[in-house]
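# How does the following fold in three dimensions:
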Amino acid sequence: MSSSSTSSMKTFNGVFMLLVLFLSSSSCSSSSSFLHHLMVKTKAVHQNFTAISEFRTLNRRELGECPGSNQFLQINVSSNSSLSDEQFVTVTVTGVSKPSDQHWIGMISPSHSDVGSCPLNEVLYAQTGDLSSLPLLCHYPVKAEYLSNDPDYLICKKKECKTYSKGKCQVTTCSGSLSFHVINIRTDIEFVLFSGGFGGPCIMGRSNPLSFANPKKPLYGHLSSIDSTGTSMRLTWVSGDKEPQQAQYGSGKTVTSQVTTFSQDDMCTSVVPSPAKDFGWHDPGYIHSVVMTGLQPSRSFSYRYGSASVGWSEQIQFRTPPAAGSEELRFLTFGDMGKAPRDSSVEHYIQPGSLSVIKAMANEVKSNNIDSIFHIGDISYATGFLVEWDFFLHQISPIASKVSYMTAIGNHERDYIDSGSVYVTPDSGGECGVPYETYFPMPTTAKDKPWYSIEQASVHFTVMSTEHDWSANSEQYQWMKEDMASIDRSKTPWLIFMGHRPMYSSSDGILSVDGKFVEVVEPLLLQNKVDLVLFGHVHNYERTCSVYQKQCKAMPKKDRNGVDTYDNRNYSAPLHAVIGMAGFTLDKFPDKADSWSLKRISEFGYVRAHATKEEINLEFVNSNTTEIEDSFRIIKNPSSHRKM
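Okay, here's the model as predicted:
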């Protein structure tokens, strides 16, 4: 066999194995004609895996100018001058001869994106779920809206006569307008009018490119804890400026930022190029980070960040968490939040509940009654479409800029083929944890070892990565074992264990629960008397009894207020809660559930917790109604027990 034939066979085998992996993980791929019959029935599976809308499979469509010129067509944007850091712009299309429900407007960035650099090999696009021929649209639109969102467009309510003859109108055209929410993503943007829907788009016209007034502006600052003292806080922000900037905080203190970034070369890929490596790439700018020291725990301070040359953020009030061993902690926790557009557009991945969750939590943070936040995996759902990290960071600013925002890594941040992740699904879109760890530096031991512990007041939090090796001989397993064994329970009596993928779930989705993970790690929880286990990944809320090996070892009892109370004076087993209901489309529950499942709710929301040394009170808050849908408490101290 010739070397070229050998190479071709290796490519075929590699792609075939990749496709098998994709299908086995409820994803889908496509490739060139020799794989067409294998993949032709999988497009629906792919769409279900990656998003709700057909917009997700838009990339790599045939693209060109629409047939038939239109001399009257114009696309105008309300902001013809420079764009601010956040605004709504109105995009108006005029001069349309025949309105169609297949007309749509895409927001493109960078504005110069075209098909000129598309690799002309269909097999390279297997991961997109697209069976279209080439040449195809290389760069993915940031967001898009059908012009039919303007109710006057299809009925041509806004008519305009373009040509008269002998006093009579000869040519009449129609117009429509759409509103787009735009934030500062540093690169020029352009609004492009397409016909043919998402299935077979062609270009009808383009707006002029629009620039941001200050593409170097420091933005999206967010806080995290670096240790358990409450005296130091890390501040991280994004800017188009590679030069170091400063954070000014407290009473005249200044600290200079460390600057980093990442590139397409840092993204993962395989036989099939990933979105992050290819069509979903967007320049992240520069990520600045400082550590503000000399603070006091449980106190309010203010800060701003930036520089004289590129501008400053507004002055922001923030609160430090309580020091380890102190009496009281109030925190919010959830998983699987992501982001959603603030306009009527579609994006490649939308988490519809995220806006209500952020709004409700922002009101709690504003009350100055929250010390910290824990987001346990599936952070932005950018999954290789890098511009969506900016939208996520913008969305969480009302909370993450004011209290410590701690995170755990999830499958949509880390997993990819041949990347070292436990699960070989393409869930991260080729990000492989690089953007996540750059935007959210946690107090971890090293790069790509995203496990850590931290103490706040009476609680020790052990935060693991379910996506990295947790087998009995792994580095992470040994770390978990040593970390939990070393806790001074007289100082921090409560041990909360966090990660992304759950050990218990009534939902029957693919890979909801990995039996091997439960077999290996669950004994550690019992050995170290973990009080509460919090996981996400499954998109609903579920609470268990005190459970071990699928058996209830103890049941909660109602206190005098009717609240389920777990008495851990005579410890029996941890209780588990799945809290992946913070944004992603919700999972339903089966009609029947195992006896260990005590409470099941499929509503958007988050968990509010209040811990003292005597007890922990937890509440599931419905973010749409702000009503408490579930509440429970854990006690150890005899005085707490007497309150029942």
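
# which residues in the stretch 401-550 of the chain form helices?
411-414, 434-439, 475-485, 515-527 (DSSP state H, counting those that start in this stretch).

# would you turn the ones you listed into CSV with distance to Thr94, mean neighbour count and mean pLDDT?
Heads up, the C-betas are built off the backbone N, CA and C, glycines and all. Conversion of those to CSV gives the following (distance: least, C-beta to C-beta, whole Å; neighbours: other C-beta atoms under 10 Å; pLDDT from 0 to 100):
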stretch, distance to Thr94, mean neighbour count, mean pLDDT
helix 411-414, 41, 28, 96
helix 434-439, 39, 22, 98
helix 475-485, 59, 16, 98
helix 515-527, 58, 16, 98
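
# okay if I get those as CSV plus distance to Ser367?
Formatted as CSV, the entries for the helices of the stretch 401-550 of the chain read as follows, by distance: least, C-beta to C-beta, whole Å:
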stretch, distance to Ser367
helix 411-414, 30
helix 434-439, 27
helix 475-485, 33
helix 515-527, 33
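
# Quick check: which of those is nearest to Glu314?
helix 434-439 (20.4 Å; C-beta to C-beta).

# C-alpha coordinates for that closest one, PDB please?
Taking Å, rounded to 0.1, in the frame of the first residue of the first chain, the C-alpha atoms of helix 434-439 are listed here in PDB:
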ATOM      1  CA  VAL A 434      -7.900  26.500  28.700                       C
ATOM      2  CA  PRO A 435     -10.400  29.400  28.500                       C
ATOM      3  CA  TYR A 436     -12.000  28.300  31.800                       C
ATOM      4  CA  GLU A 437      -8.700  28.200  33.800                       C
ATOM      5  CA  THR A 438      -7.600  31.500  32.200                       C
ATOM      6  CA  TYR A 439     -10.800  33.300  33.100                       C
END
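
# helices or strands up against that helix?
In terms of contacts (3 or more C-beta pairs under 8 Å, 6 or more residues apart in numbering; DSSP states H and E), helix 434-439 is packed against helix 387-400, helix 411-414.

# Show residues contacting that helix.
With C-beta atoms under 8 Å, 6 or more residues apart in numbering as the test, helix 434-439 has contacts from 236, 238, 260-262, 266-267, 284, 287, 379, 382, 386, 389, 393, 407, 409, 413-414, 444, 447-448, 450.

# Please narrow these to those residing in strands.
Thr236, Val238, Thr260, Ile287, Thr407 (DSSP state E).

# between these, which is closest to His539?
Out of the ones in strands among the contacts of helix 434-439, the one with the shortest distance to His539 is Thr407. That distance is 17.7 Å, counting by C-beta to C-beta.

# list the contacts for that closest one?
Thr407 touches Ser224, Phe374, His375, Ile376, Gly377, Ile379, Tyr436, Phe440, Met442, counting by C-beta under 8 Å, 6+ apart.

# Next: Asp418.
Counting by C-beta under 8 Å, 6+ apart, Asp418 has contacts Cys268, Ser270, Val424.

# follow-up on the earlier one: any chance of the contacts of Thr407 in CSV, with distance to Pro141 too?
Formatted as CSV, the contacts of Thr407 follow (distance: C-beta to C-beta, whole Å):
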residue, distance to Pro141
Ser224, 32
Phe374, 33
His375, 27
Ile376, 31
Gly377, 27
Ile379, 22
Tyr436, 24
Phe440, 26
Met442, 32
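
# Can I get the buried part of those residues as one PyMOL selection?
Typed into PyMOL, the next command selects the buried ones out of the contacts of Thr407 (criterion: 16 or more other C-beta atoms under 10 Å):
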select buried, resi 224+374+375+376+377+379+436+440+442
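
# which residues in the protein form helices?
In the chain, helices defined by DSSP state H lie at 3-24, 36-39, 43-50, 354-366, 387-400, 411-414, 434-439, 475-485, 515-527, 638-641, listed in chain order.

# For Thr172, see how far away the residue of the chain most remote from its centre is.
Distance from the C-alpha centroid of the chain, by C-alpha atoms, centre = their mean, peaks at Lys166 (60.4 Å). Lys166 sits at a distance of 16 Å from Thr172 (criterion: C-beta to C-beta, to the nearest Å).

# can you pull the buried residues of stretch 68-75?
By 16+ other C-beta under 10 Å, the buried positions in stretch 68-75 come out as Leu73, Gln74, Ile75.

# For it, give me every contacting residue.
Residues beyond stretch 68-75 that count as contacts (C-beta under 8 Å, 6+ apart) turn out to be 91-97, 105, 162, 171, 173, 191-193, 204-207.

# can you pull the pLDDT of Phe279?
Per-residue confidence at Phe279 stands at 77 (pLDDT).

# Tell me if I'm right that it and Met267 touch.
No - taking contact to mean C-beta atoms under 8 Å, the distance of 11.8 Å between Phe279 and Met267 leaves them out of contact.

# Quick check, central residue of the protein?
Centroid check for the chain by C-alpha atoms, centre = their mean gives Ser380 as the closest residue, at 1.3 Å.

# so what's that one up against?
With contacts defined as C-beta under 8 Å, 6+ apart, the neighbours of Ser380 are Gly338, Lys339, Glu388, Trp389, Phe391, Phe392, Leu393.

# From Thr544, how far off is the residue lying closest to Ser148 once chain neighbours are set aside?
The shortest distance from Ser148 to any non-neighbouring residue, by C-beta to C-beta, 6 or more residues apart in numbering, is to Asp101 (4.9 Å). When C-beta to C-beta is applied, the distance between Asp101 and Thr544 equals 48 Å.

# For these two, indicate the residue with more neighbours.
When neighbours are counted by other C-beta atoms under 10 Å, Thr544 comes out ahead of the other of Asp101 and Thr544, with 26 against 11.

# hang on, Leu393 packs against Tyr220?
Yes - with contact taken as C-beta under 8 Å, Leu393 and Tyr220 are classed as touching, separated by 3.7 Å.

# shared neighbours of those two, anything?
Taking C-beta under 8 Å, 6+ apart as the contact criterion, the common neighbours of Leu393 and Tyr220 are Val238.

# one step back: from the helices and strands packed on helix 434-439, which stretch is densest packed?
Relative to the other members of the helices and strands packed on helix 434-439, helix 411-414 carries the highest mean neighbour count by mean count of other C-beta atoms under 10 Å, namely a mean of 28.

# Packing partners of it?
In this structure, helix 411-414 makes packing contacts with helix 434-439, judged by 3+ C-beta pairs under 8 Å, 6+ apart.

# can you give me the end-to-end distance of stretch 244-261?
Across its full length, stretch 244-261 reaches 12 Å end to end, with C-alpha to C-alpha, to the nearest Å as the criterion.

# do the same with stretch 159-170
From its first residue to its last, stretch 159-170 covers 13 Å (C-alpha to C-alpha).

# Mind picking out the helix or strand in this protein with the poorest mean pLDDT?
Within the chain, no helix or strand scores below helix 36-39, which has a mean of 28 by mean pLDDT, DSSP states H and E.

# Going by distance to Thr187, which of the ones in strands among the contacts of helix 434-439 wins?
Of all those, Val238 has the smallest distance to Thr187: 12.9 Å, by C-beta to C-beta.

# Does the closest one touch Tyr220 like I think?
Yes - checked against C-beta under 8 Å, the pair Val238 and Tyr220 is within contact range at 4.9 Å.

# Mutual contacts of those two, please.
The overlap between the contact sets of Val238 and Tyr220 (C-beta under 8 Å, 6+ apart) consists of Asp390, Leu393.

# gap between the closest residue in space to Gly410 that isn't next to it in sequence and Val182?
What sits nearest to Gly410 in space, not counting adjacent residues and going by C-beta to C-beta, 6+ apart, is Gly377, at 2.8 Å. Counting by C-beta to C-beta, the gap from Gly377 to Val182 is 29 Å.

# Tell me, how many residues neighbour Ala276?
Per other C-beta under 10 Å, the neighbour tally for Ala276 reads 28.

# quick one, what contacts it?
The neighbours of Ala276, taking C-beta under 8 Å, 6+ apart as the test, are Gln264, Met267, Cys268, Thr269, Gly384, Phe385, Leu386, Ser428, Gly429, Gly430, Glu431, Cys432.

# Great, nothing more from me.
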